[in-house]
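# Got a predicted structure here, sequence first:
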Amino acid sequence: MTVITKELGNRQLPFDRERLANYIKRVTNIDSSSYNEKVFRSIESHEEYKAESITSLLINTALENVDEANTQWTYDAAKIYLDSLYKKASRNRSYDKEEKYGDFFGLIKVLAGKGIYSPNILEKYSREEIKQLAKIIDPDKDLLFDYTGLHLLTDRYLAKDFNKEIYELPQERWLVIAMYLMQDEDKTKRSELVKEAYWALSNLYMTVATPTLANAGLNHGQLSSCFIDTVEDSLQGIYDSNTDVAKLSKDGGGIGEAA
């Protein structure tokens, strides 16, 4: 019998086909006995299988079925990946995974305290404003992602702590971007502008430049994509330019040079 190892090897359970089948049915739209059977056989071919590896197995097996006529499989893979993100974020932020998203104001306070988020949002927006804006977060918009898009967003752009642990979730990234971009707008219309920007971002009708996507709301980096650097006609000028280019490139800036 295959044993499933959980919690860094501190807990072991016998593999339960029915339990995994119920999980697949609950999280995805997959209704395929051949898919389930392939997953079961892969697990049961081992004497011991890590619980966290089951997520990767489910995703990869779903992606094997993607073709021009069966694109839904990539969205099913995304749902499995999303469930793992919700689990990690809820564990790190101490809330029930079934809620999907936790306290948004608490997230900002925690990551600002860790030096990940800029303190600007807490300075520019009141606690009440942040809590009101948090109400527009719509977890169902996460279902618009296919697997590739969700994995890319998570891997490169979601805010994590210094140990690369998941804290921020996709809809929170959109809302943080909207709030950060609108932070200096007239307060009488700022909330409406944030809501409008969040709506466009969350529905994938609009995106922002890569540095903005990666850095908005964070305690480092900048929001612009392109810079021009003028190089002086001297050895020192060349070295100074290289230093400037390195600093800009580090935070996502693209460089052009004018002689």
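Arrived safely, thanks for sending.

# count of neighbours near the closest residue to residue 74 other than its chain neighbours?
Among residues not flanking residue 74 along the chain, residue 146 sits closest, at 4.3 Å (CB to CB, 6 or more residues apart in numbering). For every residue, glycine as well, the C-beta is placed using N, CA and C. By the measure other CB atoms under 10 Å, the count of residues near residue 146 is 16.

# Show me what the longest helix anywhere in the chain packs onto, helices and strands only.
What stands out as the longest helix in the chain, according to DSSP state H, is helix 72-93. Where contact means 3 or more CB pairs under 8 Å, 6 or more residues apart in numbering; DSSP states H and E, helix 72-93 is packed against helix 17-27, helix 51-63, helix 104-113, helix 147-156.

# Nearest residue to residue 103 in space, please, no chain neighbours.
The spatial neighbour of residue 103 that comes closest, neighbours along the chain excluded (CB to CB, 6+ apart), is residue 95 at 6.9 Å.

# what helix or strand does the one you found sit in?
Using DSSP states H and E, residue 95 is not contained in any helix or strand.

# Test my guess that it contacts residue 107.
No - assessed by CB atoms under 8 Å, residue 95 is found out of contact with residue 107, at 10.1 Å.

# and these two? which has more neighbours close in?
It is residue 107, of residue 95 and residue 107, that has more neighbours when counted by other CB under 10 Å, with 23 against 16.

# you'd agree that one is up against residue 175?
No - look at residue 107 against residue 175 with CB under 8 Å: they stay out of range, at 10.0 Å.

# Residue 175: how many residues sit nearby?
25.

# what do you get for residue 92?
Residue 92: 17 neighbours (other CB under 10 Å).

# Could you report the separation of it from residue 179?
Distance of residue 92 to residue 179, given as CB to CB, to the nearest Å: 21 Å.

# From the recorded domain assignment, give the ranges for this protein.
Per the record, the chain has its domains at 1-65, 77-221, 226-258, by automatic domain parsing.

# where in the stretch 101-250 of the chain is pLDDT low?
Counting by pLDDT under 70, the ranges of the stretch 101-250 of the chain that qualify are 225, 227, 248, 250.

# still on that earlier bit, give me the contacts around the longest helix of the chain.
Contacts with helix 72-93, where a contact means CB atoms under 8 Å, 6 or more residues apart in numbering, come from 27-30, 55, 58-59, 62-63, 65-66, 96-97, 99-100, 102-103, 106-107, 110, 142-143, 145-151, 154, 161, 165-169.
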